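# heads up, no residue letters with this:
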């Protein structure tokens, strides 16, 4: 079963940058067969799509809220996906989640808190 653990969150000042990582582990899965995605959820709001990347990095897609300020990547050799975020704003404060998708299989991490504040 695939398990995902996000890391790299914390406190950052407005205009700053932050890099999030998502590590996949478990038995009986092949990381390179999963597309990976990042979402976020702010207090009182619905979960929002940020970015996704194909199993072999053949495509990337970005949601409108952070487009131009984020970049998604993956390293299949390390079973990891990453999200680079730049020019962070206070409204980017949220819990950030990674998700793995392969056909009818999916997994979610528990999230990492990102707080953008002075």
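Happy to help now that I have it. This one's a predicted model, so the numbers in the text were calculated from it and none came from an experiment. Numbers count the residues shown, from 1 in each chain.
# strands of this structure, residue ranges please.
Along the chain, the stretches classed as strands by DSSP state E are 2-7, 10-12, 18-26, 35-41, 48-53, 60-62, 70-75, 80-85, 94-102, 105-108, 112-116.
# could those strands go into a markdown table alongside mean pLDDT and mean neighbour count?
In this view, the C-beta of every residue, glycine as well, is placed from N, C-alpha and C. Supplementary listing: those in a markdown table, determined by pLDDT from 0 to 100; neighbours: other C-beta atoms under 10 Å:
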| stretch | mean pLDDT | mean neighbour count |
| --- | --- | --- |
| strand 2-7 | 96 | 18 |
| strand 10-12 | 98 | 14 |
| strand 18-26 | 97 | 18 |
| strand 35-41 | 98 | 22 |
| strand 48-53 | 98 | 20 |
| strand 60-62 | 97 | 15 |
| strand 70-75 | 98 | 18 |
| strand 80-85 | 98 | 22 |
| strand 94-102 | 97 | 21 |
| strand 105-108 | 95 | 14 |
| strand 112-116 | 98 | 18 |
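# find the centremost residue of this structure, please.
The C-alpha lying nearest the average C-alpha coordinate of the chain belongs to residue 38 (C-alpha atoms, centre = their mean; 3.1 Å).
# beta partners of that one?
As for beta bridges, residue 38 partners with residue 51, residue 98 under DSSP bridges.
# so residue 29 sits against residue 1, correct?
Yes: counting by C-beta atoms under 8 Å, residue 1 is a contact partner of residue 29 at 7.5 Å.
# please say which of these two ends up with more neighbours.
It is residue 29, of residue 29 and residue 1, that has more neighbours when counted by other C-beta atoms under 10 Å, with 18 against 9.
# do you know how far the residue nearest to that one when sequence neighbours are not counted is from residue 89?
The shortest distance from residue 29 to any residue that is not its chain neighbour, by C-beta to C-beta, 6 or more residues apart in numbering, is 4.6 Å, and that residue is residue 2. Between residue 2 and residue 89 the distance, using C-beta to C-beta, to the nearest Å, works out to 32 Å.
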